[in-house]
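Visitor: sequence and predicted structure below; questions after.
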Amino acid sequence: MASVSSTKLFLPHLRHALYASPDELQALSVESRADLALSLLEASRFPGMAWKRFVVDQAEVAARGIQDRYLRSAISQSRCLLSRIAGDIDRAALVLRNPDQDVGPNNMGAQPVDSRQYAASGQEILQQALNCVQVEEISAARGLLEGWSQLGHAPSQIEQAVLFRRNLMLGRLLRFQGAFSESLARLEEAQQAARVPNGLVFDEDLRDLACELADTLRELDDPASAERLLREEMERRGRSGSSLPSSSPLDLCLAEALFAQSRLDEAESLCLEVQSRPDLLKFERLRLHITLAKIRHVRSANEEALACWGEAMKAIGKFRLTNGRTTRVIVVSICDTLSVLGHASLVSFRQVAALDELARPGVIQHWIAGLRHWLEYLRSQDRLGSA
């Protein structure tokens, strides 16, 4: 998220406050406790679930008795995030259902609402939308995001930060639903906002924005532009002296863009470099195995392709998905490879199409960029029957 917080993450007394008793925290002034609570919530971004739970608990103790809507909202959002990470989506949704925090242009109550409070409502909506995405309620997530905008004609900095992330998320969801041109428009709005010199720092988000833009351009059959954009972001990161998130998502997006341009050697080399890195996230592992499988499949390295598709199947089993379109593409790819190796086909494109028709509306249609192109490629091989 863009850096707009006024909290002091490295307050001299923060280390002591981490292990202070409730009585010691309550002895601080209200202003100090509020500042400390927000600093602790910021510290919860560091990895490790035990650490995250500990600092959020301590933030809640520090904030006890403080009547501040923004602070209460920030704690609820952190609780929501922790529950979602733990896979408890019901709990994640429950912690945000506080009517006192329902702040909007048409529901502001008797008390005046400043931009800080209103931005908090936007941040809550982002969390609610992420909860919806976890259960593939993409249309519901879009409705939430599209229902929030800035309070006035000139949004404050904190509202601009929320708007940036809202447009980034909307761009992703529109791509999921196949509205690629609309997705690109939303993402370009976020890109333009990040380029405006207004004191906001979006360094931590620019990687994800570049990946979303590149994946959307790939879906729009413009992998060359996707490659150019990704390389520009990589160069920017190279010039930056600050600590930035892993480059693996950028590299995997670039590998797909190279694959789409039939530059298989470059794509494979990049994938093998990513594969050598420790601590890849589960989505990164899934995309890595899919891209390597496609490269080897196209090259007719069938045994290697089959092994990679098998790894992709293992990787996707770690996700809680309700639709399974990506799983079915992997299954079709495995069956196609087995067919080439002389084994009887277990599935046809017609069967896959029938399964897709049973999927409920509003689910994720295009999760991993390039898979719909891959399915078209497999169909063109005419080895599994036509749909």
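Guide: Ah, there it is.
Visitor: pLDDT weak spots in the stretch 51-200 of the chain?
Guide: 97-113 (pLDDT under 70).
Visitor: so which residues of it form helices?
Guide: Assigned by DSSP state H, counting those that start in this stretch, the stretch 51-200 of the chain shows helices spanning 69-85, 89-94, 115-134, 138-146, 157-176, 180-195.
Visitor: now these in CSV, with distance to Glu42 and mean neighbour count?
Guide: The C-beta positions use only the backbone N, C-alpha and C, and glycine is treated the same way. Below are these laid out as CSV (distance: least, Cβ to Cβ, whole Å; neighbours: other Cβ atoms under 10 Å):
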stretch, distance to Glu42, mean neighbour count
helix 69-85, 9, 20
helix 89-94, 20, 16
helix 115-134, 13, 21
helix 138-146, 24, 19
helix 157-176, 14, 22
helix 180-195, 21, 18
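Visitor: distance to Arg277 for those - can I get that in JSON lines?
Guide: Converted to JSON lines, the helices of the stretch 51-200 of the chain look like this (distance: least, Cβ to Cβ, whole Å):
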{"stretch": "helix 69-85", "distance to Arg277": "22"}
{"stretch": "helix 89-94", "distance to Arg277": "30"}
{"stretch": "helix 115-134", "distance to Arg277": "26"}
{"stretch": "helix 138-146", "distance to Arg277": "30"}
{"stretch": "helix 157-176", "distance to Arg277": "24"}
{"stretch": "helix 180-195", "distance to Arg277": "26"}
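Visitor: if I look at the residue nearest to Gly199 when sequence neighbours are not counted, how far off is Ala307?
Guide: Among residues not flanking Gly199 along the chain, Gln157 sits closest, at 6.3 Å (Cβ to Cβ, 6 or more residues apart in numbering). Note on Gln157: its distance to Ala307, by Cβ to Cβ, to the nearest Å, is 50 Å.
Visitor: one more: Arg53?
Guide: In this structure, Arg53 and Ala307 are 38 Å apart, going by Cβ to Cβ.
Visitor: with Arg72 instead?
Guide: Following Cβ to Cβ, the distance that separates Arg72 from Ala307 is 51 Å.
Visitor: ok, now Glu159?
Guide: Using Cβ to Cβ, we find Glu159 at a distance of 50 Å from Ala307.
Visitor: and stretch 212-222, average pLDDT?
Guide: Stretch 212-222 comes out with an average pLDDT of 98.
Visitor: give the buried residues for it.
Guide: By neighbour count with 16 or more other Cβ atoms under 10 Å, stretch 212-222 contains the buried residues Glu212, Leu213, Ala214, Asp215, Thr216, Leu217, Arg218, Glu219, Asp222.
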